[in-house]
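Participant: Build me a model:
(one chain, ligands or ions: 1)
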Amino acid sequence: MSRNNRSWSERDLAVVWHPCSQMKDHEWLPMVPISHGEGPWLYDFDGRRYLDAISSWWVNLFGHAQLRIAGRIAAQARRLEHVLLAGATHQPIIELSERLVKLTPPGLDRVFYADIGSAAVEVALKMSHHYWRNMGRAGKRRFVTLANDYHGETLGALGIGDIALYKQAYGSLFHEALIAPSPDAWQAQPGESAAAFARRQFAGMEAILARHHEDLAAVIVEPLVQCASGMRMYHPVYLSLLRAACERYEVHLIVDEIAVGFGRTGTLFACEQAGITPDFMCLSKGLTGGFLPLAAVLLREPIYQAFYADYRQIERAFLHSHSYTGNPLACVAALATLDLIEEQDIIHANRERARWMAAAAEPLREHPHVGEVRQCGMILAIEMVQTRPRTPYPWQERRGLQVFRYGLEHECWLRPLGNVVYWMPPYVVTEEQIALLGKVTAQAIDHATRD
Ligand code: PMP
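Facilitator: Numbers count the residues shown, from 1 in each chain. Down below sits the predicted model:
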């Protein structure tokens, strides 16, 4: 059996359909077969390595093939690999639920499990509407989100998101959300602070709530960073205003922490920075340190109580299930991940890593084709522009793809979102590795913007 990149990629391209890709690109764009990973590095079959600057779509927290997490999974696999979670329970899920309740903002006292992030969003949407129905208010069936928010790819989650690129082919299939203006600080007027802009943009949300609250089940937001639309960052005051308004108008607040949870933004959960407790919090991705799919929805006890009824009122029960709900292997991966977060005092340790990232990106601030360098904790984004401050490159030019290709040739796995190059590295990245990332990113941007 041949063991080089070319043979694996030929076999792959004959049978695999890859996610989020135009497969025809692979007529000229190399498919990279990964042989193994260690720490922040991924290795291919030709012996080249790549620094995983984006944590494999933001899931990895402590590096690839992390021994503690791998060991816990292996031990659990020999004991109990899976059991259905209806009518049965197991030690890992009980321990994990207790810990998540303790770690998340006060008032989130109950956990429902799913397997992927999109499924967690579906659970929260369904549960929110079902709650209102159980309370005799079945008319509350619509959702509000922010312009440029993203919540996943299943029909329900995609429908209530706002990224045209992913939605355009499926418009006729959706239950569409109402869209409030984004507080994304990149859109602020010159001289306007992020907080002032967030307050100004909140007027649009307030107007939707005032007009439609009788029909609204919930508002769903990506807190602080709208990741998929290009790491668009906003001030926490928006979340405080939103929490208060949702209370006033009797509309649930669903906070989608799938991408930003577990320390990405500088606090364990992003909504801590606004000091709020949402009605629902969706978690996935980093929950298992990037090892296995698992998703959790945390919710307030009164919501749970609205479903708790005599069996004869069966329509009150939440009859939602996924086969792999609460998989024990994924739960022990999550427990090991939480141990590492605690033992390594990761929130504190990441402050220093975030400073290294800021320093490494500093020279890019003056680049003639960089409109903005923005950062929120362990997420740093560099907005490439045709002309400063804000004229974008046409998407057809695929400047981000040129950055990606350059990175591949220079040991860095960067996967820009359109014209936005970003770093969201695992929490084991060293100062030296971040310096490499800074150097290669600067060269890659020079290369991609040279004409
Ligand atoms: N919500 C957010 C904020 C996300 O970033 C993502 C994934 N990128 C999802 C939901 C969907 O998660 P999954 O891909 O696991 O379905």
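Participant: pLDDT value on the closest residue to residue 140 other than its chain neighbours, please?
Facilitator: Leaving aside its sequence neighbours, residue 140 sits nearest to residue 132 (Cβ to Cβ, 6 or more residues apart in numbering; 3.8 Å). Heads up, the C-betas are built off the backbone N, CA and C, glycines and all. Each residue has a pLDDT score; the one for residue 132 is 98.
Participant: Repeat that for residue 65.
Facilitator: pLDDT, residue 65: 98.
Participant: And it, how far from the ligand?
Facilitator: Noted for residue 65: a distance of 21 Å to the ligand, by Cβ to the nearest ligand atom, to the nearest Å.
Participant: if we can go back for a sec, hang on, the residue nearest to residue 140 packs against residue 138?
Facilitator: Yes. Residue 132 is within contact range of residue 138, at 6.8 Å (criterion: Cβ atoms under 8 Å).
Participant: Compare the two (neighbour count), which wins?
Facilitator: residue 132 (20 against 12; other Cβ atoms under 10 Å).
Participant: At the geometric centre of the protein, which residue sits there?
Facilitator: Per Cα atoms, centre = their mean, the C-alpha nearest to the average position across the chain is that of residue 259, at 1.8 Å.
Participant: what's near enough to touch that residue?
Facilitator: By Cβ atoms under 8 Å, 6 or more residues apart in numbering, the contact set of residue 259 is 58, 117, 222, 225, 227, 228, 285.
Participant: cool, residue 208 as well?
Facilitator: Contacts for residue 208 were tallied using Cβ under 8 Å, 6+ apart; they are 144, 178, 180.
Participant: For burial, what's the neighbour tally of the second one?
Facilitator: Neighbours of residue 178 under the rule other Cβ under 10 Å: 17.
Participant: again with residue 45
Facilitator: Neighbour count of residue 45, defined by other Cβ under 10 Å: 18.
Participant: got it, and residue 219?
Facilitator: Burial measure for residue 219: 28 neighbouring residues, criterion other Cβ under 10 Å.
Participant: Reduced to three states, what does it come out as?
Facilitator: Three-state call for residue 219 (DSSP: H, G, I helix; E, B strand; the rest coil): strand.
Participant: now the one residue in the chain that gets nearest to the ligand: how far from residue 198?
Facilitator: Per Cβ to the nearest ligand atom, residue 117 is where the chain lies closest to the ligand, at 2.2 Å. Noted for residue 117: a distance of 25 Å to residue 198, by Cβ to Cβ, to the nearest Å.
Participant: What sits closest to residue 199 if chain neighbours are left out?
Facilitator: Residue nearest to residue 199 in three dimensions, not counting chain neighbours: residue 237, with 6.3 Å by Cβ to Cβ, 6+ apart.
Participant: Contact partners for that neighbour?
Facilitator: Applying Cβ under 8 Å, 6+ apart, the residues near residue 237 are 195, 198, 199, 274.
Participant: So which other helices or strands are in contact with the lowest-mean-pLDDT helix or strand in the chain?
Facilitator: Least confident element among the helices and strands of the chain, by mean pLDDT, DSSP states H and E: helix 164-167 (a mean of 94). Where contact means 3 or more Cβ pairs under 8 Å, 6 or more residues apart in numbering; DSSP states H and E, helix 164-167 is packed against helix 155-159.
Participant: Remind me what the helix it packs on packs against, helices and strands.
Facilitator: helix 117-134, helix 164-167.
Participant: pull the CA atoms of that helix into CSV?
Facilitator: Output of helix 155-159 as CSV, limited to C-alpha atoms (Å, rounded to 0.1, in the frame of the first residue of the first chain):
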residue,chain,number,x,y,z
LEU,A,155,-32.7,23.0,7.8
GLY,A,156,-34.0,24.6,11.0
ALA,A,157,-30.6,26.0,12.0
LEU,A,158,-29.8,27.2,8.5
GLY,A,159,-33.2,28.8,8.1
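Participant: For that helix, give me every contacting residue.
Facilitator: Helix 155-159 has contacts (Cβ under 8 Å, 6+ apart) with 118, 121-122, 125-126, 151-152, 166-167, 170, 173-177.
Participant: Only the buried subset of those residues, as a PyMOL command please.
Facilitator: PyMOL command restricting the contacts of helix 155-159 to the buried ones, with burial defined by 16 or more other Cβ atoms under 10 Å:
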select buried, resi 118+121+122+125+151+152+167+177
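Participant: which of the contacts of helix 155-159 sit farthest apart?
Facilitator: Greatest spatial distance among the contacts of helix 155-159 (Cβ to Cβ): 126 and 166, at 21.0 Å.
Participant: ok, back up a step: ok, which pair from the contacts of residue 259 is furthest apart?
Facilitator: 117 and 225 (14.8 Å).
Participant: thinking again about what came up before, now, which of the contacts of residue 259 lie within helices?
Facilitator: Among the contacts of residue 259, DSSP state H puts 58, 117 in helices.
Participant: So residue 209, which state does it fall into?
Facilitator: Residue 209 is classified as helix under three-state DSSP.
Participant: Assign the residue lying farthest from the centre of the chain to helix, strand or coil.
Facilitator: Here the chain reaches farthest from its C-alpha mean at residue 312, the gap being 39.2 Å by Cα atoms, centre = their mean. Three-state call for residue 312 (three-state DSSP): coil.
Participant: Output the set of residues of the chain in proximity to the ligand.
Facilitator: Contacts of the chain with the ligand, taken as Cβ under 6 Å from any ligand atom, map to 116-118, 121, 150-152, 222, 227-228, 256, 258-259, 284.
Participant: What distance do you get for the closest residue to residue 418 other than its chain neighbours to residue 449?
Facilitator: Using Cβ to Cβ, 6+ apart and skipping residues adjacent in sequence, the residue nearest residue 418 is residue 400, 5.5 Å away. The gap separating residue 400 from residue 449 is 11 Å, by Cβ to Cβ.
Participant: try residue 6
Facilitator: With the distance defined as Cβ to Cβ, residue 6 ends up 31 Å from residue 449.
Participant: swap in residue 443?
Facilitator: 11 Å.
Participant: And for residue 78?
Facilitator: 53 Å.
Participant: So these two - more neighbours on which side?
Facilitator: Neighbour tally, residue 78 and residue 449, criterion other Cβ under 10 Å: the higher count belongs to residue 449, 20 against 7.
Participant: hang on, the earlier thing: what pLDDT is listed against the residue farthest from the centre of the chain?
Facilitator: Reported pLDDT for residue 312: 97.
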